[in-house]
Structure formats: structure tokens, C-alpha cells
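>>> Predicted coordinates and the sequence they were generated for:
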Amino acid sequence: MTGTADEPDKGAEVSGNEDRMVLGLMATRIGFRLRMLQTLLGARVVNGFAPYKLRPGAFTTMALIAANPGCSQVDLAREGGLDKSALVAIVDELEQRGLAIRGRSAKDRRRNSLFLTPDGEKLMKEMYRVAHDTERTIREGFSPEEITQFFGLLERAYQIVAREDLPAS
């Protein structure tokens, strides 16, 4: 790519794959590139998780609950990028299947605290292996240092955008 942000290279193509379209202006769009990758990985995850018969977002929800026992649904929605109404249905389903429990927060009785059950922990770990396997080709295509750098850059980009979206005080 030789173009700048103001004047991208109109002939920019994806290197190494002559069967792909020329991306033109989209070649320099971060959101577009992330969405392309998310679409490919998302389809793999949907296929991998099909046997579990859980709603989309259930694995994310379980993983965040496991990492943050006692968290609230509001916290989960914010950090997991999940729609609040969809999250209610996910938590309801996890609770009905005996994978998670809701309890009243000791700090704020108006708030529910969420916890995984032992069955939920076991299933989450199994689903993690499936999710991790969907990314195997990327992990094999990059060195461990590149993977660490990639995660660091993604986190930095998230922090930059999140900081920009904070309300002015």
C-alpha cells in the first residue's frame, strides 16, 4: 500500500492472493480489516460451538464470569460488547442449564452477582479448547512474539477508541 489516509492506493490488493478483489479505499480501513477477520473466525466458532446448543455469546459470558466471579450483567455487557437484552437471555439459559447462578450482591442488593457452577467451568474449558482451535492457523502463522505484539496493538487500539468515547467531564 502506497497511499496515505487522505489518498489511499486505489490499486491496493491483498498480497499473496490474486483471486481476491482489489480493496481500493477499504484497504486502509481498520474496521473493515477487523470485520473481515472477525467474519472468518466467527463462522469457525459458530460451527465449532454448534454441538453445545447455546446462544451466541454464551462462551464469552461464561469466560468473563469465570474471570470475574460475582460480576454483574451490566459489567458483562460493557466488557463483553454484548447487547444487554441478549445478555439477559444468555444468562437465563446458562442458569436453566445449571451452568451459572445468580445471587444477590453483598455490596448492592439491587444487583445480581454471577458465578459459574462446576459444570459451567467444565463446559467453558471445553469450549475454550474449541475456540482456541478455530484460531490455530493464525497462531501457527505468527511467532509467539508476533501474537503478543498483535494482542498488545489490539488492546492499545481499544484503549485509544474507548478513551475517545468517554463522556466529557
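Nice, thanks for sending it over. Bear in mind the structure is a predicted one, so any value in this text is a computation, not a measurement. Numbers count the residues shown, from 1 in each chain.

>>> for the chain, what spans make up the strands?
Counting by DSSP state E, the chain has strands at residues 100-104, 112-116.

>>> most packed of these?
strand 112-116 (a mean of 20; mean count of other CB atoms under 10 Å). C-beta here means a position set from N, CA and C on the backbone, and glycine is covered the same way.

>>> The strands of the chain: lowest mean pLDDT?
Sorting the strands of the chain by mean pLDDT places strand 100-104 lowest, at a mean of 89.

>>> and that strand with strand 112-116, angle?
150 degrees (axes from the mean of the first three to the mean of the last three CA atoms, to 10 degrees).

>>> Ramachandran coordinates for residue 143?
phi -80, psi 160 (degrees, to the nearest 10).

>>> please renumber so the chain begins at 11
Taking 11 as the first residue, the last one we looked at is residue 153.

>>> quick one: it from residue 51, how far?
Remark: distance between residue 153 and residue 51 (CB to CB, to the nearest Å) = 19 Å.

>>> Compare these two (neighbour count), which wins?
residue 51 (15 against 10; other CB atoms under 10 Å).

>>> who's in contact with the spatially closest residue to that one that is not a sequence neighbour?
Leaving aside its sequence neighbours, residue 51 sits nearest to residue 144 (CB to CB, 6 or more residues apart in numbering; 6.1 Å). Contacts of residue 144 were listed using CB atoms under 8 Å, 6 or more residues apart in numbering, and they are 51, 54, 55, 58.
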